[in-house]
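Engineer: Below is the sequence, then the predicted model.
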Amino acid sequence: MKKSLLWTIWGSALFIMIFLTGAIALAEENDEFAMPAGSGTAAAPAEAKTSDAFAPAEAKPGDASPPPANLDESEQVEVLSGSHKFTPGNESKDPFKPLVVKKVILPPAPTPISKPSGRSGPPLPPPPKPIQLFVSGVCGNENERLAMIMFENKPYVVSKDMVVDGKFKIVDILPDRLVIYSNKEQMRRTFPIGGGKR
């Protein structure tokens, strides 16, 4: 009991010391909360700080005189901006001009193709007939599935990545549908269970 009481008092004293140290540091940093002159730390007047901030390091010939110290910060900025005007001497040295300019070259306009009045070649072949199959069912799980299909009146049990008669490849077997890739049509087709044509 005595030890816990001593630890509590010691911790409270340490916390108060840390808090006061932070408050003093904050007061020295912000002159609004500066401590009075008799409290041990002397606060510098605000005018001296602002005048030191705008005082030049070295007086160079040709430099304008610094603004008076009795002005507040916004007035000093106006005085400085009025005495140091930007005069563009060389327009070729524009700081906002991009160094690299991308040239856009437009392609030539396409020439219109005139259609000949008469036939000028053999007729185009008809598009290939779409594959027709019937999905009877799907069995298995996510690791491996099999599908029962009817294709050209022949029953097949197919698995993923299997090629059927060189005409199509099984791309994926999902729980409710079969996805194939037709070699003749050069496209994918999807057949739901019980869908498609026999």
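Structural biologist: That came through fine.
Engineer: Could I get the buried residue list for the helix or strand hosting E75?
Structural biologist: Per DSSP states H and E: E75 is located in helix 73-83. For helix 73-83, burial by neighbour count (16 or more other C-beta atoms under 10 Å) applies to 76, 79. Where C-beta positions appear, they are placed from N, C-alpha and C, glycine not excepted.
Engineer: Mind checking what helix or strand follows that helix in sequence?
Structural biologist: Following helix 73-83 in sequence, per DSSP H and E, is strand 133-140.
Engineer: What residues sit buried inside that next one?
Structural biologist: Across strand 133-140, burial judged by 16+ other C-beta under 10 Å covers 133-136, 138.
Engineer: Ok, stretch 149-158 next?
Structural biologist: 149-151, 156, 158.
Engineer: Mind checking which of the residues you listed are in helices?
Structural biologist: Per DSSP state H, helices hold no members of those.
Engineer: quick check: domain ranges of this protein?
Structural biologist: Annotated domains of the chain cover 2-52, 133-192 [automatic domain parsing].
Engineer: Could you export these as JSON lines, including mean pLDDT?
Structural biologist: Conversion of these to JSON lines gives the following (pLDDT from 0 to 100):
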{"stretch": "domain 2-52", "mean pLDDT": "66"}
{"stretch": "domain 133-192", "mean pLDDT": "90"}
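Engineer: Out of the ones you listed, which is closest to K93?
Structural biologist: domain 2-52 (35.0 Å; C-beta to C-beta).
Engineer: that older thread, could the buried residues of strand 133-140 go into JSON lines alongside distance to W10?
Structural biologist: Formatted as JSON lines, these follow (distance: C-beta to C-beta, whole Å):
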{"residue": "L133", "distance to W10": "85"}
{"residue": "F134", "distance to W10": "86"}
{"residue": "V135", "distance to W10": "81"}
{"residue": "S136", "distance to W10": "83"}
{"residue": "V138", "distance to W10": "75"}
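Engineer: Let me know the closest of these to L5.
Structural biologist: Proximity of those to L5 (C-beta to C-beta) peaks at V138, which lies at 76.0 Å.
Engineer: so that closest one touches I173, yeah?
Structural biologist: Yes: taking contacts as C-beta atoms under 8 Å, V138 lies within contact range of I173: 6.0 Å.
Engineer: overlap in contacts of these two?
Structural biologist: Residues touching both V138 and I173 by C-beta atoms under 8 Å, 6 or more residues apart in numbering: 145-147.
Engineer: which neighbours does the helix or strand hosting I170 have in its sheet, and in what orientation?
Structural biologist: Following DSSP H and E, one finds I170 within strand 168-173. Strand pairing for strand 168-173, using DSSP bridges, gives strand 163-164 (antiparallel), strand 177-182 (antiparallel).
Engineer: Right, I'll leave it there.
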